[in-house]
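J.: generate a structure from the sequence data that follows.
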Amino acid sequence: MSVPPPVTRVQPLVVRTRAALRTALEAPAGTAAGAPEGAAPSGTAGPRPDAPPRTAARAVVMTMGALHDGHLQLVRAARERVGPAGQVVVTVFVNPLQFGPDEDLDRYPRDLDADVALLAGLDEPAPGRPAVDLVFAPSVEEMYPGGDPIVRVTSGRIGTVLEGAFRPGHFDGVLTVVLKLLHLTRPDVAFYGEKDAQQLLAIRRMVADLNVDVEVVGVPIVRDDDGLALSSRNAYLSAQERADALTLSRALRAGAAAAAAGQGGAGAIEVASGMLNEHPGVVVDYLALVDPTTVDDLEPEYVGPALLLVAARVGSTRLIDNLAVDVAPPVTRTARPGGTQ
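T.: Numbering: from 1, shown residues only. Predicted coordinates:
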């Protein structure tokens, strides 16, 4: 019996400098991919002199590496959007500007080879076409050649509440690197996960307020079978801490159910908070029900769509999660004959 030949996959081209990125982006569709899996690196692909100009769409997925299926879902959505002829760029950069002095910048997981292998393993949109054409993985010195930038993007009011209140300057750092990467990759559409709901809102406002010519698409949260939202920081959790972390998604679901049952925003917060407080291993930074388009607090009598957000520490690991909520009108009881209810 003959043994079928091994499947040869084309790996994404990995570039580390802005110059190599620019050259790869100028290459015609289908020529910027790297070598087949297991082959020697092909180097940076350049455009042929007789190549037609690129007309297909380009999508970007920005990550800090330590990829998991949540990131891969972003890539799948990007490839589906631009099609086999389009170009998908993934950036891998741990951005120091968005980390506070006592946060986990130094221990944040980094394994570029493993990340590229995951991306190479995705289904090809067409024979010989990788799911990801290009991975841009710059160093800190490449992204900030003059050291910390003097001019940065300011996140305004969005950066002062909830996540911004607990992580001062975080969203300024996020928006600064996002704007730089949008300039460098020049995408038609950019994909971000909805788990970082406040970040997604801040990016959308920046794009709108600064007239950045890109479409921003949010992709729903990817969860494990037990409900835990996927996060690169889940790798920090011990077995017991992971069990405790499940309280976050359970509390959000309980709060959403209360809101849908007519208990109002206050009832949703009360139910979710009660569940979180039952677990001493979970230390809550904030739990809030907000307007999904502004992250503003809601009026007590509000009825309609809302977003329930939580941030908490489980052991030494800080996790965030959120859930869309429909706040239903309060339940009213019908009066019975005789004046009783």
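
J.: now for the residue nearest to Val161 when sequence neighbours are not counted: which residues touch it?
T.: For Val161, the nearest residue in space outside its immediate sequence neighbours is Val295; the separation is 6.2 Å by CB to CB, 6 or more residues apart in numbering. Every C-beta, even on glycine, is put in place using the N, C-alpha and C of the backbone. Counting by CB atoms under 8 Å, 6 or more residues apart in numbering, Val295 touches Ile158, Val161, Leu162, Ala197, Gln198, Leu201, Leu307.

J.: ok, now Asp172?
T.: The contact partners of Asp172, taken as CB under 8 Å, 6+ apart, are Leu97, Arg152, Val153, Thr154, Ser155, Gly159.

J.: hang on, the earlier thing: what are the phi and psi angles of the residue nearest to Val161?
T.: Dihedral angles of Val295 (phi, psi; degrees, to the nearest 10) stand at phi 60, psi 20.

J.: in the chain, which spans are helices?
T.: Ranges of helices within the chain are 18-26, 69-82, 112-120, 140-143, 163-166, 170-185, 197-209, 239-258, 264-277, based on DSSP state H.

J.: contact partners of stretch 229-239?
T.: Taking contacts as CB under 8 Å, 6+ apart, the residues outside stretch 229-239 that touch it are 64-70, 104, 108-109, 195, 221-224, 228, 242, 245, 248-249, 314-321.

J.: and the end-to-end length of it?
T.: With CA to CA, to the nearest Å as the measure, stretch 229-239 spans 16 Å from end to end.

J.: returning to what we had before: against Val284, how distant is the residue nearest to Val161?
T.: For Val295, the distance to Val284 equals 17 Å [CB to CB, to the nearest Å].

J.: now Leu309
T.: Counting by CB to CB, the gap from Leu309 to Val284 is 11 Å.

J.: of these two, which one has the most company?
T.: Each of Leu309 and Val284 had its neighbours counted (other CB atoms under 10 Å), and the higher figure belongs to Leu309 (22 against 17).

J.: bridged to that one, which residues?
T.: Each beta-bridge partner of Leu309 is listed here, defined by DSSP bridges: Ala288, Asn322.

J.: point out where the stretch 51-200 of the chain drops to low pLDDT.
T.: Per-residue confidence of the stretch 51-200 of the chain (counting by pLDDT under 70) places the weak regions at 51-55.

J.: how close does the spatially most central residue of the chain get to Glu270?
T.: The centre of the chain sits closest to Gly193, judged by CA atoms, centre = their mean, with a distance of 3.2 Å. With the distance defined as CB to CB, Gly193 ends up 29 Å from Glu270.

J.: closest to Gly128 among the contacts of Val295?
T.: Ala197 (37.7 Å; CB to CB).

J.: find the nearest non-adjacent residue to the closest one, please.
T.: Counting by CB to CB, 6+ apart, Ala197 lies nearest to Asn322, which is 4.7 Å off, once chain neighbours are set aside.
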